[in-house]
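In: Below: sequence and its predicted model.
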Amino acid sequence: MEPSASEPPTRRQIDEAALARQLRRLAAAPESPWLHAEVARRMGERLAIVKLRPDPILDWWAHLGASRAVLDAAYPKARQTLVEPDPRLLERSRAALARPWWSRWGGRRAEAVLQRDVAAGGTQLLWANMMLHAVADPQAQMAQWQRALAVDGFLMFSTLGPGSLAGLRSVYAAAGWAPPHAPFVDMHDLGDMLVQAGFADPVMDQELVTLTWATPEALLDELRSLGGNAHPARPAGLRTPRWRQELARRLESLRGADGRLRLVFEVVYGHAFRPPPRPPLGGLTAVPLDDMRAMVRAGRRRR
């Protein structure tokens with residue numbers, strides 16, 4: 001059954017096997033993407049809207065999210081759990097936690113786990129920087145986030161939106177090639193997905209970030225550091241050196257007035273709360289004991 005026009009699609013046109021290969025490659029990269037660290041810094045400026053001092057915190061896809069410095073500065077005493085989707089990325093996060101005691105992690109109660117092992121209802125802040133666009137089913141991911149949060153816990157995330165890489169798509173379309181990346185999810189659809197996943201008061205906004213490079217090779221190296229093409233229609237097999245040369249030639253059309261190649265990234269930000277559970281209305285209502293305790297605690301906090 002196709003989703004109606006008012007319902008966002010729950011899954012994306014994306015090759016999950018390609019996504020897995022990209023994660024393995026990125027896990028071996030010497031450092032996290034620069035753009036991710038910059039978006040983490042910008043998202044950190046929005047933490048002023050969070051009135052509570054959250055403890056504990058989940059940092060979702062922590063290594064590639066490049067957010068440790070931001071979260072350390074904002075919440076230096078909070079317990080942090082670094083959550084990873086892949087055993088190789090888990091190794092990178094555990095290595096970061098194994099630094100000497102005089103590092104910024106010294107004395108910090110912290111751990112790293114796979115996302116399948118995250119406990120339900122155990123965190124007050126779930127932070128997910130620049131990873132949702134690498135997920136095949138965003139709403140299923142949001143549902144897991146909702147389960148991981150405590151009642152009144154706070155979600156903050158960022159992701160790429162459909163305004164990203166329009167110039168690159170134009171280059172590929174003019175050459176008659178398949179799309180250069182999987183489609184991104186619209187900001188408004190992401191907001192609807194948050195509501196469907198059980199979040200309250202979702203707020204979505206976006207900004208455009210322009211990156212520039214001196215050469216096509218530098219541009220392509222940067223894009224490769226961010227992931228790769230996981231569109232299902234991408235060509236099978238490896239591309240030839242001749243094709244790479246043709247791509248570099250066509251990328252020259254992206255030069256601006258300053259002589260540099262440029263691409264625009266739409267960065268989407270979202271935040272929402274996990275509300276107290278609400279029992280359904282009826283003649284006889286059964287409420288699980290844990291939900292009843294959560295509702296009582298929430299009611300006391302609001303008095």
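Out: Arrived safely.
In: Nearest residue to Arg24 in space, please, no chain neighbours.
Out: When the adjacent residues along the chain are set aside, Arg24 lies closest to Arg88, with 5.9 Å between them (CB to CB, 6 or more residues apart in numbering). C-betas here are computed from N, CA, C, even on glycine.
In: just Glu84 next, same as before
Out: Counting by CB to CB, 6+ apart, the residue nearest Glu84 is Leu90, at 4.2 Å.
In: so that neighbour touches Asp117, yeah?
Out: No: at 9.8 Å, Leu90 does not count as touching Asp117 under the criterion of CB atoms under 8 Å.
In: Give me the pLDDT for His181.
Out: The model reports His181 with a pLDDT of 96.
In: Run a quick neighbour tally on the closest residue in space to it that isn't next to it in sequence.
Out: Residue nearest to His181 in three dimensions, not counting chain neighbours: Asn229, with 5.5 Å by CB to CB, 6+ apart. Taking other CB atoms under 10 Å as the neighbour definition, Asn229 ends up with a count of 17.
In: Tell me, how many residues neighbour Cys260?
Out: In this structure residue 260 is Arg, not Cys. 15.
In: so which strand or helix has Gln206?
Out: Element membership of Gln206, judged by DSSP states H and E, is strand 200-213.
In: whoops, I mixed them up, Val113
Out: In this assignment (DSSP H and E), Val113 forms part of strand 110-114.
In: who does that strand touch, helix- and strand-wise?
Out: Counting contacts by 3 or more CB pairs under 8 Å, 6 or more residues apart in numbering; DSSP states H and E, the secondary-structure elements packed against strand 110-114 are strand 80-84, helix 87-97.
In: Identify the residues contacting Glu38.
Out: Listed by CB atoms under 8 Å, 6 or more residues apart in numbering, the contact partners of Glu38 are Val209.
In: I'd like the distance between it and Thr81.
Out: Glu38 sits at a distance of 24 Å from Thr81 (criterion: CB to CB, to the nearest Å).
In: which residues of this protein fall in helices?
Out: Assignment of helices within the chain using DSSP state H yields the ranges 16-27, 34-44, 62-65, 68-74, 87-97, 138-148, 166-175, 187-196, 216-226, 241-251, 289-301.
In: between the first one and helix 216-226, how many degrees?
Out: Relative orientation of helix 16-27 versus helix 216-226 (axes from the mean of the first three to the mean of the last three CA atoms, to 10 degrees): 100 degrees.
In: What residues sit buried inside helix 16-27?
Out: Residues of helix 16-27 classed as buried by neighbour count (16 or more other CB atoms under 10 Å): Ala18, Leu19, Gln22, Leu23, Leu26, Ala27.
In: Nearest residue to His63 in space, please, no chain neighbours.
Out: Nearest residue to His63 in three dimensions, chain neighbours excluded: Arg92, at 4.4 Å (CB to CB, 6+ apart).
In: show me what contacts that neighbour?
Out: By CB under 8 Å, 6+ apart, Arg92 lies in contact with Ala27, His63, Glu84.
In: Tally up the residues packed near the closest residue in space to Met193 that isn't next to it in sequence, please.
Out: For Met193, ignoring the flanking residues on the chain, the nearest one in space by CB to CB, 6+ apart is Gln139 at 4.4 Å. Residues near Gln139, counting by other CB under 10 Å, number 19.
In: Same question for the one 3 residues further on.
Out: Here the neighbour count serves as a burial measure; for Met142 (other CB under 10 Å) it reads 26.
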